[in-house]
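A.B. asks: Sequence and predicted structure are below.
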2 protein chains.
Amino acid sequence: MSREDTRFWNESIERMNRSKLEEIQGERLRELVKRLYESVPFYRRKLKGAGIDPSDVRGLPDLRKLPFTSKDELRENYPFGLLAVPKSELVEVHMTSGTTGIPTPNFLTLKDVETWGELIARSLYMGGLRKGDVFQITPSFSLFTGGFSFFYGARKIGSFIVPTGPGNSKRQIELMKELGTTSFASIVSYAVRLTEVAREMGIDPSRDLGVRRIFMGSEMSTPQLKRRLMEAWSADVFDAYGQTETYGGPSVGLDCHLHDGIHVWEDHFLVEIVDPKTGEPVGNEEKGELVVTTLTKDAMPLLRYRTRDITFIYDAVEHDCGRTHRRIGWIEGRTDDMIKYRGVNFWPSFIESIILKYDELSEHYQVELFSERGSEYMVIKIEAKNVLQEGERRRLSHLIEDELRRRFMFEAKVEITEPHVLPRFETGKAKRVIDNRERKI
Amino acid sequence: MSREDTRFWNESIERMNRSKLEEIQGERLRELVKRLYESVPFYRRKLKGAGIDPSDVRGLPDLRKLPFTSKDELRENYPFGLLAVPKSELVEVHMTSGTTGIPTPNFLTLKDVETWGELIARSLYMGGLRKGDVFQITPSFSLFTGGFSFFYGARKIGSFIVPTGPGNSKRQIELMKELGTTSFASIVSYAVRLTEVAREMGIDPSRDLGVRRIFMGSEMSTPQLKRRLMEAWSADVFDAYGQTETYGGPSVGLDCHLHDGIHVWEDHFLVEIVDPKTGEPVGNEEKGELVVTTLTKDAMPLLRYRTRDITFIYDAVEHDCGRTHRRIGWIEGRTDDMIKYRGVNFWPSFIESIILKYDELSEHYQVELFSERGSEYMVIKIEAKNVLQEGERRRLSHLIEDELRRRFMFEAKVEITEPHVLPRFETGKAKRVIDNRERKI
Ligand SMILES: [Zn+2]
Ligand SMILES: [Zn+2]
């Protein structure tokens, strides 16, 4: 069977039986710990501090003995403190700047770039991307990994890459028509923006454009938003998962066409879920912080890296798509983005999932927090799709306020606005929460 | 001799004797014409119109019988009219948007991307870039070709690529320190901007940064500006030449370390100089419009493509660097950018070359044209490097006005301004000429 006839980019790996897969994982973990101990002083100190000698690590069951690595440690050792290879072997770097100003870097050797491309090719191919597809890549090509991730994967597949990067949205839509774009990659908020711009141009994406696949990365989407995009474009929409530090942007995994969890490429990544406070494992299918160990990274491997992303791992292993690689659930939020309001933790995704149930409401919303005389208040502004009557606006506000109270036990004032009054996001991640509280509490 | 020990990326080709090189050129030209005739209706029509059958083309001496291809024809046939391969073979596209709004595209197959990388690797290696170099790429990675050009070349060499893209200049300088950048690529005006930003940060590039090579592309520099950059950075500065339509950005050639003309990679490009008005060949070492024929392009070859760039071809073939590939002179300007003022044609580069003789003056200048009651006027504003006395400013103004009158026979009013009053250019080409004339005459 030729590659064109199958849904698998690398069938022997994607459908590998679990005992074989876990044997490979155990072997790679052993090698990894040995290598980190020998080549990276930072890890040697940590392992010694935890009383671990590489010879103690015989396989997967020993994973939980090993120390965690945190994002702060990556920053503290910026730039070259976590390298496991000589600097002269590096061929590329990406980094996130973060809010602190100190970057979280990812350095890559040629081998890493190869693996990165293989991982993304597997994901894109799983999502249906093929040679002959016209693939418009709208995430930025820069120190940010989004653009290059999709680029390396699509190059391996042989698709026709249209490397636009972000912005210039009207031109992006024109290019889709001119070149016959069949798939595009985007961060979530930009896919929403492109939908809106197309409509402003009098173009119905589902009817007038030939896009049949959208690959989203970098931001969290909600199943509700994804469904809306699927309808708007008559396209299948996929969520890629990853972070700059692992390989680059969306390299850890993607949901298959069944859209029931994100397959993690387990020959390259070990995943665990731990309690974000205690670091202890959680129960089966329980939510917690995702911890990733990179099994094959060459330049800068990560041992039990605390991703700060909250999700769960599915119990079931064999999936109906035929793949044996474990799935994680939708990413509910990043602990970084979590907001504490009146003592309750929440993510904007909670609010989004409620808003998008209402056909009258658009994907554009903004959450504003402020404090007055020691009390906290939240105002949620949501754009209606079309101009609504006052009574209708009030009805929707109350429905959403009630649901927020019932489900998350918090009080918020909801305002339904006219269309086109909230900010749009063209060249970076959406900023949906404006926190004007005196002290963040 | 290993690759690391030589100044040649591909010695057997770069030093190939002329008769062998011309034999290859002739062979490739024959194949090209045959292929275009057979696969591209546009070229078949043109060749037929010129009364040419592919069998008439036996070698290089037949080049001048062949019809020209113009930028307008590329636009008229946008998007796919000039393809010599099926669309399904394309893997990448770049384009310039131009002022007309209709793009000039360049489509590439995998073979084209390979050749493109080889061409740039040759140039960068000639300029001294090696594995182990930290190479910061500041031109944009997008439909614009600058970023990807340098990327493909540096990847072949194995250098450590820092893919910043443009903008965020302060961060660019910090990255140079943090990562130990040894070389960077830039469009000309951005190299000027980076120099200025470094100094504003209290950093002397020549002393505090480790950059030893600067590769410039996309805009025209003058020898004077280049000398200034060399001094400011204690770096060797190279000018890459090319255009989106040939392979991508700076792929046609680069000046070697002797900085005496730009070596054109003649196994891939045939170059001619013609009179821009008549299309007739000019005399030896005479200036005219550069015409390029791409000998190896797969997706979208160009036959006698009118570049609109004004330069000359050196008579001498063997160069002291050991290369046998012909050199072209500095690009004086593009016919597109040429400005007619009081009946005289000029390019901003003429003005720049005068300004930069004066140590008191910066690289920041602006040319403003306006008309009043049927007469045309020109005001040239030039920033002083430091605050100057009124008398000194007047003296410099007069010196430059005199030289403009003497050398180019035009009257202009020159104003020397305080430092930091003219616009800076971070993310695109510099706009130095503001033409406010009622009719462009
Ligand atoms: Zn599946
Ligand atoms: Zn030379």
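C.D. replies: Arrived safely, thanks for sending. Numbering: from 1, shown residues only, chains lettered A, B, ... in the order given. Ligands and ions are numbered 1, 2, ... in the order given.
A.B. asks: When you work out contacts or count neighbours from here on, use the C-alpha atoms and nothing else.
C.D. replies: OK.
A.B. asks: Which single residue of the stretch 301-441 of chain A ends up nearest chain B?
C.D. replies: Here the stretch 301-441 of chain A gets closest to chain B at one residue, residue A:427, 13.1 Å apart by CA to the nearest CA.
A.B. asks: For that residue, list the residues it contacts.
C.D. replies: A:140, A:166-167, A:190 (CA atoms under 8 Å, 6 or more residues apart in numbering or on different chains).
A.B. asks: Filter these down to the buried ones, ChimeraX style.
C.D. replies: In ChimeraX, a selection of the buried entries from those looks like this (16 or more other CA atoms under 10 Å in any protein chain shown):
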select /A:140,166,167,190
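A.B. asks: Residue A:202 belongs to a helix, doesn't it?
C.D. replies: No. The assignment for residue A:202 (DSSP: H, G, I helix; E, B strand; the rest coil) gives coil, which keeps it out of a helix.
A.B. asks: Measure how buried it is and give me the count.
C.D. replies: 10 (other CA atoms under 10 Å in any protein chain shown).
A.B. asks: before we move on, what about residue A:86?
C.D. replies: Around residue A:86 there are 12 other residues, counting by other CA under 10 Å.
A.B. asks: can you check residue A:94 too?
C.D. replies: When neighbours are defined as other CA under 10 Å, residue A:94 has 26 of them.
A.B. asks: How far does the strand or helix carrying it sit from its chain's centre?
C.D. replies: Using DSSP states H and E, residue A:94 maps to strand A:90-96. Remark: strand A:90-96 is offset 19 Å from the chain centroid, using CA atoms, centre = their mean, to the nearest Å.
A.B. asks: what residues does that strand touch?
C.D. replies: A:103-110, A:142-145, A:244-245, A:248, A:299, B:132, B:155, B:158-163.
A.B. asks: returning to that earlier point: state the three-state secondary structure for the residue of the stretch 301-441 of chain A closest to chain B.
C.D. replies: coil.
A.B. asks: Could you measure from it over to residue B:344?
C.D. replies: Separation of residue A:427 from residue B:344 (CA to CA, to the nearest Å): 43 Å.
A.B. asks: I figured residue A:134 was touching residue A:179, is that so?
C.D. replies: Yes. Here residue A:134 reaches residue A:179: they are 7.4 Å apart, a contact under CA atoms under 8 Å.
A.B. asks: which residues does the closest residue to chain B within the stretch 251-400 of chain A contact?
C.D. replies: Distances between the stretch 251-400 of chain A and chain B by CA to the nearest CA are smallest at residue A:299, namely 12.2 Å. Applying CA under 8 Å, 6+ apart to residue A:299 gives the contacts A:83-85, A:90, A:107-109, A:112.
A.B. asks: Against residue B:258, how distant is whatever residue of the stretch 1-150 of chain A ends up closest to ligand 1?
C.D. replies: Residue of the stretch 1-150 of chain A nearest ligand 1, by CA to the ion: residue A:126 (8.8 Å). Going from residue A:126 to residue B:258 by CA to CA gives 52 Å.
A.B. asks: Please enumerate residues in contact with the lengthiest helix in chain A?
C.D. replies: Longest helix of chain A, by residue count under DSSP state H: helix A:18-39. Outside helix A:18-39, the residues that touch it by CA under 8 Å, 6+ apart are A:43-44, A:47, A:54-55, A:57-60, A:84-85, A:266-268, A:270, A:295-296, A:301, A:324.
A.B. asks: hmm, try it at 7 Å
C.D. replies: By CA atoms under 7 Å, 6 or more residues apart in numbering or on different chains, the residues outside helix A:18-39 that reach it are A:43-44, A:54, A:57-60, A:84, A:267, A:295, A:324.
A.B. asks: same thing with stretch A:120-132?
C.D. replies: A:7-10, A:149-150, A:153-154, A:156-160, A:238, A:251, A:253-254, A:256-257, B:88.
A.B. asks: Quick check: which ranges of the stretch 51-200 of chain A have low pLDDT?
C.D. replies: A:98-100 (pLDDT under 70).
A.B. asks: Get me the contact residues on it for chain B.
C.D. replies: Residues of the stretch 51-200 of chain A lying close to chain B by CA under 7 Å from any CA of the partner chain are A:79, A:88, A:90-93, A:132, A:141-143, A:158-165, A:178.
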